[in-house]
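Engineer: prediction below, plus the sequence it came from.
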Amino acid sequence: MFVAKVTGSLVSTQKVASMVGYKLLIVEPYRVEPKDRTTLVTTGRTFVAVDTLGAGVGDYVLLTQGSSARLTPETKSLPIDAVVIGIVDTVHVDTGCVYSRENS
């Protein structure tokens, strides 16, 4: 699992039947900034992920990838490699708050 920020969405009008009706998001994985460990910074990568929770642009989400993406009841029969499994409320590292949804 990893933390990612939703940066956009993707629309595909032609796709396999099992994917019809699923919302697709563009997400960028984030990590704790290594020097002061007080902020999250992008890794510079981008993924497409299936969203079953209703995340939106600007949200930080918990993402799982690979075969684990097909272990939820909603995604067990889908041909996917990444899925949003949570919307992040807070991230704490050491004794500090690195991210809070309320303050963003």
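Structural biologist: All right, it came through fine. Numbers count the residues shown, from 1 in each chain.
Engineer: so what's Tyr60 bridging to?
Structural biologist: Lys5 (DSSP bridges).
Engineer: what's the local residue count around it?
Structural biologist: For Tyr60, the neighbour count with other CB atoms under 10 Å is 22. Placement of C-beta: from N, CA and C, glycine included.
Engineer: my read: it touches Val88, true?
Structural biologist: Yes: taking CB atoms under 8 Å as the definition, Tyr60 is a contact partner of Val88 at 4.0 Å.
Engineer: okay, and the common contacts of the two?
Structural biologist: 3, 99, 101 (CB atoms under 8 Å, 6 or more residues apart in numbering).
Engineer: where does the first one land in three-state SS?
Structural biologist: Taking DSSP: H, G, I helix; E, B strand; the rest coil as the rule, one finds Val3 in the strand state.
Engineer: pLDDT score assigned to it?
Structural biologist: Looking at Val3, its pLDDT reads 97.
Engineer: cool, and the one 3 residues further on?
Structural biologist: We note a pLDDT of 98 for Val6 in this prediction.
Engineer: quick check: it touching Val57?
Structural biologist: Yes: counting by CB under 8 Å, Val6 sits close enough to Val57 to count as a contact (5.3 Å).
Engineer: neighbour-wise, which of those two wins?
Structural biologist: Val6 (21 against 11).
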